[in-house]
Every structure is written in structure tokens, then in C-alpha cells.
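Q: okay, predicted coordinates and the sequence, questions at the end:
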Amino acid sequence: MKILVCIDGSLQSEKALNKAIELSTGCEINKVSLIHVYESFQRTYSVEDLERLQEMQTKVFEQRKQMMEEAAVQFKEHGIDVEMIIEEGHPSRTISKVADDGNFDMVILGNRGLGGLKKIFLGSVSNAVIQETKASVLVIK
């Protein structure tokens, strides 16, 4: 079984990560992949803005990479090999494409992440992934 675990640094994605570890330690899991998807903002920038944006993007990328590495360690502590995927794009479409192209059996994600409105029961990303991917989806509350 191959599982794809979506993380974004939110409390809900941490819960999804913990559930994925719990499930992985008791099952025949062949592959665990962690994915973080970020969106870039396209617009016209001045030269000064571009330089600041590049610095910010480098810093944010390093923070994302560190978040992924810390999550991977938790799987490795249980003897589970893990792959890290950081993609740029629309979160639900990118997660669904990676899940389908990689023939993942299951996608695990929180019911809402950093961008979700707390009053909405099921976040727009988790809802869209349910609709878009062929894989089974486990949404963690």
C-alpha cells in the first residue's frame, strides 16, 4: 500500500501526520510520501520587490523543507521509509495529480489547513481532493 500524506504546518495536518504514522506502523505500507504544496503569486514586481521576494521565497522554502524533514523523522523512528515532495501549484489539483500519477492507494490530509476558514466543516482543499483523485481519501478532524 502506498500512502500520500499532505502537510502544511497546520494543527490539522499535524493530526493527519500522526494518524498516518499510527496506520503505517500496523499495516503493510510499501511507501509513504509526504507532500507540501504551495502557491506562488503571479504579478508584476519592481526590481527591488523581486529581490525581496526572492529572499522571502528562499527563507520560506527552507522553512517548508525543515517542516518536511521533521515530519519524515517521525516515520523513520518507526522504521518506515519516506519520500518528501514539495510542489508549487494549486493545492487540491497538485495533490490529486501526484496521487493519481504515483498510483497512491490513499491520501491522508486534515479537514482544513492554514488557509481554511474555521467555520467551514470540510476545507476547500480536502473537499476538492475527495472529488478529484482516484485514490481513497482519509480526512482527519
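A: Received it, and whenever you're ready, just let me know what you need. Values in this document were obtained by computation on a predicted structure and should not be read as measured data.
Q: which secondary structure elements does the helix or strand that contains K97 sit against?
A: K97 is part of helix 91-101 when elements are defined by DSSP states H and E. Under the contact criterion of 3 or more CB pairs under 8 Å, 6 or more residues apart in numbering; DSSP states H and E, helix 91-101 touches strand 2-6, strand 31-38, strand 82-88, strand 106-110, helix 124-132. Placement of C-beta: from N, CA and C, glycine included.
Q: can you list the low-confidence ranges for this structure?
A: Scanning the chain for pLDDT under 70 picks out 41-43, 112-123.
Q: let's see that with 90 instead.
A: 1, 8-12, 23-31, 38-58, 60-61, 64, 78-81, 88, 111-127, 141 (pLDDT under 90).
Q: quick one on the thing from earlier: and the helix holding K97, how far from the chain's centre?
A: 10 Å (CA atoms, centre = their mean, to the nearest Å).
Q: going forward can the numbers begin at 37, since that is how I track them
A: Let's use 37 as the start, then, which means that last one is helix 127-137.
Q: could you list the residues in contact with that helix?
A: The contact list for helix 127-137 (CB atoms under 8 Å, 6 or more residues apart in numbering) reads 40, 42, 69, 71, 73, 75, 121, 123-124, 140, 143, 145, 149, 160-161, 164-165, 168-171.
Q: which of the residues you listed are buried?
A: Buried by 16 or more other CB atoms under 10 Å: 40, 42, 69, 71, 73, 121, 140, 143, 145, 149, 161, 164-165, 168-169, 171, out of the contacts of helix 127-137.
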